[in-house]
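Undergrad: sequence and predicted structure below; questions after.
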Amino acid sequence: MEQTISGLKADASFEEFSAREKLLALCFTFIQVLNANRSYLLLQLRDFKKAALAPAFLKQMKPLFDEFISSVLTQAKSSGEIATRPYLDQRYPDLFWVHFTFLILYWKDDDSAGFENTDAFIEKSINLAFDLIGKGAFDTAIDFAKFLYQSKMR
């Protein structure tokens, strides 16, 4: 994770990326690092019990991930890329961590040429996540529900 984040921050254009692009860059770059160490990681993941949310050896990098994702999400909130939702948006870093561990488990079992399925997983899942936490139908539904509630209270 340190290698991935330092590599991203060394790229001058990284700071100009949107939050979605930063998270995509993190995942794609991290998978490249995993590919370089695939044999070792497959050995580490061999006995992983899927009942746990993350393999124990990954928990060591969680603070670095949390710091990175919190920074990205703060940027996304201030730019309006994602919606600010009381209580729910505080859980976004945890949800992205779960997503990140699923990505690693998906990569572990990917036997496609050049890990193209993992690349598709990254792109589609990050885009879905940002569509879900962005402003949209969910916010409109909440606003409508608040309106109905408040109009009945009068």
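TA: That came through fine.

Undergrad: only C-alpha atoms from now on, for both contacts and neighbour counts.
TA: Noted.

Undergrad: which sections of the protein are below the confidence cut-off?
TA: The chain contains residues with pLDDT under 70 at 48-56, 137-138, 154.

Undergrad: which stretches of it form helices?
TA: Taking DSSP state H as the test, the helices found in the chain are 2-10, 19-36, 38-45, 62-79, 92-109, 116-133, 137-153.

Undergrad: okay, the ones you listed in JSON lines with distance to residue 86 next?
TA: Below are these laid out as JSON lines (distance: least, C-alpha to C-alpha, whole Å):
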{"stretch": "helix 2-10", "distance to residue 86": "29"}
{"stretch": "helix 19-36", "distance to residue 86": "20"}
{"stretch": "helix 38-45", "distance to residue 86": "36"}
{"stretch": "helix 62-79", "distance to residue 86": "12"}
{"stretch": "helix 92-109", "distance to residue 86": "11"}
{"stretch": "helix 116-133", "distance to residue 86": "12"}
{"stretch": "helix 137-153", "distance to residue 86": "12"}
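
Undergrad: pipe those into JSON lines and attach distance to residue 85 and mean neighbour count per row.
TA: Shown next, in JSON lines, are the helices of the chain (distance: least, C-alpha to C-alpha, whole Å; neighbours: other C-alpha atoms under 10 Å):
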{"stretch": "helix 2-10", "distance to residue 85": "27", "mean neighbour count": "13"}
{"stretch": "helix 19-36", "distance to residue 85": "17", "mean neighbour count": "18"}
{"stretch": "helix 38-45", "distance to residue 85": "35", "mean neighbour count": "14"}
{"stretch": "helix 62-79", "distance to residue 85": "10", "mean neighbour count": "15"}
{"stretch": "helix 92-109", "distance to residue 85": "10", "mean neighbour count": "17"}
{"stretch": "helix 116-133", "distance to residue 85": "9", "mean neighbour count": "16"}
{"stretch": "helix 137-153", "distance to residue 85": "9", "mean neighbour count": "11"}
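
Undergrad: got a list of contacts for stretch 24-42?
TA: 1, 4-5, 8, 100, 104, 107-108, 119, 122-123, 126 (C-alpha atoms under 8 Å, 6 or more residues apart in numbering).

Undergrad: repeat that for stretch 59-76.
TA: 1-2, 5, 18-19, 22-23, 82, 93, 96-97.
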